[in-house]
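Asks: Structural data only, the sequence is not supplied:
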């Protein structure tokens, strides 16, 4: 995603005439305008072929599931903090 953002930023800078990118001509620097988009395609191809994207999505789902589980345990009073408090209360009695 960063490669696409960089490519779009370069295009906007060129069209607006901002900075050194604004002075570039399409005939001389076409490769510089295309490079971020080519890099994005290469990155997405690599990430999808190695399963990196799917693993990240699965990790995110697992984190949400674990957070939901911890919240439910806390609500029921079955988490570690509640257990420690009960043990302290039982030992004092």
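Replies: Arrived safely. Remember, it's a predicted structure, so these values are computed and weren't measured experimentally. Numbering: from 1, shown residues only.

Asks: check contacts around the most centrally placed residue in the chain.
Replies: The C-alpha lying nearest the average C-alpha coordinate of the chain belongs to residue 56 (C-alpha atoms, centre = their mean; 8.5 Å). Under the criterion of C-beta atoms under 8 Å, 6 or more residues apart in numbering, residue 56 has no neighbours. The C-beta positions use only the backbone N, C-alpha and C, and glycine is treated the same way.

Asks: Can you identify the element that follows the strand or helix carrying it toward the C-terminus?
Replies: Following DSSP states H and E, one finds residue 56 within helix 52-76. Elements were assigned by DSSP H and E; along the chain past helix 52-76, the next helix or strand is helix 80-92.

Asks: Flag every buried residue along that following helix.
Replies: Residues of helix 80-92 classed as buried by neighbour count (16 or more other C-beta atoms under 10 Å): none.

Asks: quick one on the thing from earlier: and the helix holding residue 56, what's its mean pLDDT?
Replies: Averaging the model's pLDDT scores along helix 52-76 yields 90.

Asks: And it, how far out from the chain middle?
Replies: In this view, helix 52-76 has its centroid 16 Å away from the chain centroid, taken as C-alpha atoms, centre = their mean, to the nearest Å.

Asks: Kindly report the same for stretch 50-70.
Replies: Per C-alpha atoms, centre = their mean, the centroid offset for stretch 50-70 relative to its chain is 12 Å.

Asks: Just give me the neighbour total for residue 70.
Replies: Neighbour count for residue 70, taken as other C-beta atoms under 10 Å: 12.

Asks: And residue 17, by the same measure?
Replies: Applying other C-beta under 10 Å, I find that residue 17 has 9 neighbouring residues.
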